[in-house]
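Colleague: Model the structure of this input:
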Amino acid sequence: MDDQTSPQEPIPELALAVPQDASNLARALDLEVATVSAWLTQGLGIVARYGSRIVGLAHLVDDGGHAEVADLVFLTPDDVDVITALISGSEQIATELESRTLGISCLPTSPGPAYHRDGDWVRVLPTRIVVPTADDMRAFGAVLAAELDAGDIVLASGDLGAGKTTLAQGIGMGLGIEGPVISPTFVLARRHAGAKGRPGLVHVDAYRLGSAAELIDLDLDETMDQAVTLIEWGAGIAEDLGGSHLDVDIRRSGDPDGKTRVVYLEGFGPRWQDVDLSPLSELPLNTISPDQTGDNN
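Modeller: I've put the predicted structure just below:
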C-alpha cells in the first residue's frame with residue numbers, strides 16, 4: 001500500500017516594502033498606486049508572498065508608543081495563514097519599534113486571544129530590553145526579581161548559551177539567595193531558600209522533559225506557593241502549570257562580539273493583566289554590581 005501523505009501547506013513569507021514597491025503592490029492587490037505609495041511613505045508596509053506571488057499587505061503606523069495596523073489587504077479573504085502571518089509580522093515589528101501596544105482597526109473579529117476590544121482590537125506587546133553583557137543579564141534578573149512574588153511562574157526561553165541560567169543567577173541575587181545558582185540540567189530542579197521576607201527560587205531545567213506530565217512529576221506544586229518557579233526550556237510544556245506565567249524570551253542580537261542579548265517580556269493570565277513591565281526597558285542595568293561573574297550560558 002502506498003504511503004498517502006498530504007502535501008504540506010505553503011507558509012506565507014513576509015518582507016518589508018519600500019516606496020519603490022508601490023506600483024507592483026498596487027497591481028498585485030488591485031489598489032491605487034497613490035494609495036499604496038501614501039501608506040509606504042506614512043508608515044511601514046509588510047508584504048506577504050507565496051513564492052514570488054504577492055498575496056497580502058499590512059500598513060503599520062507607529063505613533064509614540066502605540067502602533068496601529070491601519071489597513072490590511074489580502075487577495076483571498078478566507079486565507080487564515082496570510083492574515084495570521086501579517087498580524088504576527090506587525091506585532092514583531094511594532095515590538096522592535098518599542099511600541100507598547102498594537103491596535104487593529106480593520107478586522108471585524110478578534111485577531112487572537114491576546115486582543116481586547118477598546119474601540120479597535122488592542123493588545124499589549126512584549127517589553128523589549130537590550131542586555132549588552134552577561135553581568136548586565138544578572139543585573140536585569142535582579143531588577144526583574146523585584147517584580148516577582150511567591151507563586152509566580154517564569155518561563156525562560158532561548159537557544160543554548162543565550163543566557164537563561166545567567167538570568168536565573170540574577171533573579172537569585174534579587175531574591176537574596178545565598179550560594180550559587182547553577183544549571184539544574186542533571187537534577188532537573190534545584191530549590192533555593194530566599195532571604196527573610198522574600199520568596200525562594202525553584203530553578204527547573206525542562207530541556208530533557210518531553211511533556212507537561214513529566215514536569216508535574218517533579219512535584220513543583222509542593223513549593224510553588226512559597227517560591228518563584230523559573231523553568232528553562234519551559235515553552236510548550238509549562239504554560240498550563242499555573243493560571244498565569246511570565247515569558248522571558250532571550251535572543252542573540254547578531255552583534256559582532258556575540259555578547260548582546262535582546263530580552264522580550266510578556267505576561268499571561270490574571271496575575272500579569274494589569275502589570276506594566278515597560279519601565280524595565282528604561283532602567284540602567286549597570287547600577288547593580290553582581291557578585292557573580294562569567295559568560296552568558
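
Colleague: switch to C-alpha atoms for all contacts and neighbour counts from now on
Modeller: Noted.

Colleague: Now name the helix or strand holding the residue nearest to Phe74 when sequence neighbours are not counted.
Modeller: Nearest non-adjacent residue to Phe74, counting by C-alpha to C-alpha, 6 or more residues apart in numbering: Gly56, 4.0 Å away. Counting by DSSP states H and E, the element that carries Gly56 is strand 53-63.

Colleague: Does the residue nearest to Phe74 have any beta-bridge partners, and if so which?
Modeller: When assigned by DSSP bridges, Gly56 has beta-bridge partners Ala48, Phe74.

Colleague: ok, then the element right after the helix or strand bottoming out on mean pLDDT in the chain?
Modeller: When the helices and strands of the chain are compared on mean pLDDT, DSSP states H and E, helix 212-216 comes out lowest with a mean of 84. Following helix 212-216 in sequence order, the next helix or strand is strand 227-232 (DSSP H and E).

Colleague: Point out the other elements, helices or strands, that that following strand touches.
Modeller: strand 153-157, helix 164-174, strand 200-205 (3 or more C-alpha pairs under 8 Å, 6 or more residues apart in numbering; DSSP states H and E).

Colleague: need those in TSV with mean neighbour count, can you?
Modeller: Listed next are these as TSV, based on neighbours: other C-alpha atoms under 10 Å:
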stretch	mean neighbour count
strand 153-157	24
helix 164-174	27
strand 200-205	25
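
Colleague: and of those, who's closest to His245?
Modeller: Closest to His245 of the helices and strands packed on strand 227-232, according to C-alpha to C-alpha: strand 153-157, at 4.9 Å.

Colleague: pLDDT on the closest one, on average?
Modeller: Averaging pLDDT along strand 153-157 yields 96.

Colleague: For that strand, which strands pair with it and how are they oriented?
Modeller: Its sheet considered, strand 153-157 pairs with strand 227-232 (parallel), strand 245-252 (parallel) by DSSP bridges.

Colleague: Check whether Ile237 really touches Ala212, as I assumed.
Modeller: Yes - with contact defined as C-alpha atoms under 8 Å, Ile237 reaches Ala212; the gap is 4.8 Å.

Colleague: Many thanks, we can stop here.
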